[in-house]
Structures are given as C-alpha cells and as structure tokens.
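Participant: sharing a model prediction with you, sequence too.
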Amino acid sequence: MKVLKFGGTSVGSAQRMKDVAQLINDGERKIVVLSAMSGTTNTLVEISEYLYRKNTEGANDIINRLEAKYRRHVDELYATDEYKKKGLELIRFHFDELRAHTKDIFTLFDEKAVLAQGELISTGMVNLYLQECGVNSVLLPALEFMRTDKNAEPDAAYIREKLDEQLEQQPDAAIYITQGFICRNAYGEIDNLQRGGSDYTASLIGAAIKADEIQIWTDIDGMHNNDPRFVDHTAPVRNLHFEEAAELAYFGAKILHPTCIQPAKFAHIPVRLLNTMDPKAPGTLISNETELHKIKAVAAKDNITAIKIKSGRMLLAYGFLRKVFEIFESFHTSIDMICTSEVGVSVTIDNTSHLAEILDELRKFGTVTVDSNMCIICVVGDLDWENVGFEAKALDAMREIPVRMISFGGSNYNISFLVRQEDKKRALQALSDELFS
Ligand code: ADP
Ligand code: ASP
Ligand code: MG
C-alpha cells in the first residue's frame, strides 16, 4: 500500500479538494495524509495568541471569520443537500470546539487542541466528499494512533500496533484518510509534530505499515536545485539519495519537513515528491541510489548563531571539546556546524533560548564571541573527498561573499558555509550560477 500526503495548498480550496479526490480515486487502496487548508494553521496560531493575551473579543472575531470561510467552502464542495448539511455539521462541531477554548484561562494544552482543528476539519471535509462521490473512504483518527514518547520522539511500536488495529477494523475501505501534523504525547494529551509536520506523519505511517512508497504531494514539481523563493531559474532534481534529501530538508529546503526522511530511510521506503498542480510531472524520487559525481542542490537555514571560544588551554589539551559540548548538552541545545583550530573552536546553534546561560559557562574556558543573524548555506551532492574539484567550485562561487565558517568532510554529501543572513540571497544565487548554469 502507498501513503500519499497532500499539503495545505493542495487542499487549499473546494476545487483543490475535488482535484485531490479525483487524483486519489484510482482503484488502488491507499492511506492519504492531509494537512489543514493553507492559511488555517497560521490563523489558529493567531487565535491562540489573542487568547494568551486574554483578548477574547479579538479571538472570537477571527474565529467567526474563519467559520464563515469554511461554510463557503462547504457550500462549494458538496453537490447534494444531504452532504451540504453533513459538511455544515462538521464545521459547527469543530468551531464549537474552538469556542470552548475561549471561555477559560488559556494554556499550552488549549493551544495544542486549537491547532489540531485545521487537520481535523480538512480530513473530515475530504472524507465526506469522497463518500458523496460513492467512494468507500474512511477516516483513520490520528489521535488514536500517532503518539510521541517521553522524549517527544515518535513511539514507533505504539504507532504500528494502533494503526494495524485501526486498519483491521475497517478492512474493506478503498481509501483511508488521516490527519497530518497532530498526535498525542506520552501523557495522552493532544500535541503535534511541529509546524510542517504532516510530511513527518506520512513518513511515520509509511514506515509503520511498510508502505511500497511514500508520496509527498505539494505545489511544486519536486525538490529544486535551489530555493525557488530566493533564486531565479531553479530546476527540479529528479533523483536524490536519502542522505542528500535529509541534509537539504534539515538545512532549509521547505518542501520537506526536517525529520521526514529518517523513518523512510530506516525502513528503506522510497519517497516521491510530486506536484498536485501538475500530477503528470515526474517530480523527485528519494531512494538509496546515489548519482555519482554530481552536485545536486543548495539550501539555506536562517536564524543561526555562531559562537567562538578561544582558549590558550585548548592547545594540545584532550577533553577540551568534551567539556564544551557538555555545556550545550546540559542546556538541550544542539549544534549544527563545528570548526576547530589549535586555539579555538566555533560552533553554530539555531535554538538560542539558553544562549545567556551557555555563554556564562563557556566564558570559564576562554574568550567567547557571538555572531547572530547568520545563515547556513548547504551544498549537497556526491561530495566524497576523493572526488576532486567540487569543493573548489563551490568555494569559488563564494568569492565575493564574506564567509564566517566552512564545514566539509562531516559526511560524503555536503559542504556548509556560514554567511550573514543579509548575504543569503546573493550566496544562493552565486552558487546556482556557478554550479547549475
Ligand atoms: P506543503 O504545504 O505542501 O507542505 P510547503 O510550502 O511546506 O508545502 O513546501 C513547498 C514549498 O517549498 C514550495 O512552494 C517552495 O516555495 C518551497 N521550497 C523551498 N526550497 C525548495 C526546494 N529546494 N525545492 C522545492 N521547493 C522548495
Ligand atoms: N498544518 C500544519 C502547518 O501548517 C502542518 C503541515 O502543513 O504540515 O504547519
Ligand atoms: Mg510543508
């Protein structure tokens, strides 16, 4: 069985939902993961912000407008009075749920429940539409099987067991529809897999059921060789190795959630990136195959902070790096890039919530300097150290741009540059010009 995930723009209007329904109704049994309609999760975040600030009137105003929008979608989506009525009941149910969270003090638990409504509504709408079209479609409630453990990591054994149970209960369905993004945590509370996490849901389900393929359907023809939001004339990359895709996703290629590749890679399940707006386009296939001697793509990750620790005592001292890393570990802060010299070490982090404490601890070892608003530019491809010329080409592209750090040799798949955020667009364009034109 295949798992197909459709993102927010793919289900962003009644017409898009109809297109998706047509696309998935091809006689093959499948699990379909849906995001909320585009813009909805952002609106739910906005509602939560109003409620945290105790501005109930402001929150209700947005809730009313959002509900009116959904009522219009329902009217457009269904043809019969029977299903228009069912659609309106669905909308009423979820907006009653939203309003229930406006009555009392607003907590993190309320926020998680509010954010879950987007996926609950979109899946309910598409499921009803398929039923109106005579398709044997059923809902698989993600809150019944998608679960994280005490470390906020997906609980693979639980997911597999509960999903199997759900599937066995409804063996004759042609299409199973489920919610991306939402889950329960180790304590059974409603939670989510972070923004953009529907891709992760699809990959976790694919791994759990040992799917033949995981398809991520979005609004572009696969992974492009550079970020189309910042660079002109990007082009689709047709094949990527799991490692290459994981690097690109982690370092900012928004088309994939950073953690999405891991479950598919471990389960050896190919991932295909496809375009809902152009379903015949070939997209990108992510698998275990490596294409030799090719630089594939470039991505950028913003909001990076670089920290340099200079210490006379580092010279030939074993254990110095361990002590430095332990400080980051004790503040649950992961490090992205590392560069060392005989007198110092530079690292980058993207989570600065404990920066002040980390700096206080690091100052015990030497002089510490910090550069904020930096950006990691990641060049991905077959970058095995024995292939000559590739690093030189990437470096040459950066000749006009101040580079704070360079990292190469950590894997066979990437070179990373740390530059100022304000130089990001220029750096991405320069790399595209040099590497892909
Ligand atoms: P969805 O809502 O379907 O999950 P996203 O907006 O999360 O879609 O991801 C698709 C978007 O990712 C594209 O519209 C594109 O702007 C952006 N993107 C960033 N980098 C890349 C890249 N290298 N290749 C393709 N798309 C990219
Ligand atoms: N709806 C969620 C978001 O907007 C999850 C997703 O789209 O993947 O972040
Ligand atoms: Mg996405």
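Facilitator: Alright, I've got the coordinates. Ligands and ions are numbered 1, 2, ... in the order given.

Participant: pull stretch 429-437 out as PDB, backbone CA atoms only.
Facilitator: C-alpha atoms of stretch 429-437 as PDB (Å, rounded to 0.1, in the frame of the first residue of the first chain):
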ATOM      1  CA  GLN A 429      22.300  32.900  -6.500                       C
ATOM      2  CA  ALA A 430      26.100  32.800  -6.900                       C
ATOM      3  CA  LEU A 431      26.100  29.100  -6.100                       C
ATOM      4  CA  SER A 432      23.300  28.400  -8.600                       C
ATOM      5  CA  ASP A 433      25.100  30.400 -11.300                       C
ATOM      6  CA  GLU A 434      28.400  28.600 -10.700                       C
ATOM      7  CA  LEU A 435      27.100  25.100 -10.100                       C
ATOM      8  CA  PHE A 436      24.000  24.600 -12.200                       C
ATOM      9  CA  SER A 437      24.100  27.000 -15.200                       C
END
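
Participant: now that stretch: buried residues?
Facilitator: 429-432, 434-436 (16 or more other C-beta atoms under 10 Å). Every C-beta, even on glycine, is put in place using the N, C-alpha and C of the backbone.

Participant: also stretch 284-303?
Facilitator: 284-287, 290, 294-301.

Participant: which ones among those residues lie within helices?
Facilitator: In helices, defined here by DSSP state H, there are no members of these.

Participant: in those, which has the lowest confidence score?
Facilitator: Least confident entry in these, by pLDDT: Thr290, with 86.

Participant: ok so, going back, include distance to Val33 when you put the buried residues of stretch 284-303 into a markdown table, please.
Facilitator: Shown next, in a markdown table, are the buried residues of stretch 284-303 (distance: C-beta to C-beta, whole Å):
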| residue | distance to Val33 |
| --- | --- |
| Thr284 | 18 |
| Leu285 | 19 |
| Ile286 | 17 |
| Ser287 | 20 |
| Thr290 | 28 |
| Lys294 | 31 |
| Ile295 | 32 |
| Lys296 | 26 |
| Ala297 | 25 |
| Val298 | 28 |
| Ala299 | 23 |
| Ala300 | 27 |
| Lys301 | 25 |
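
Participant: these two touch, right, Gly283 and Pro270?
Facilitator: No: taking C-beta atoms under 8 Å as the definition, Gly283 is not a contact partner of Pro270, at 11.6 Å.

Participant: of the two, who's got more company?
Facilitator: Ranked by neighbour count (other C-beta atoms under 10 Å), Gly283 and Pro270 place Gly283 first, with 23 against 17.

Participant: quick one: contacts for that one?
Facilitator: Applying C-beta atoms under 8 Å, 6 or more residues apart in numbering to Gly283 gives the contacts 221-222, 236, 238, 272-275.
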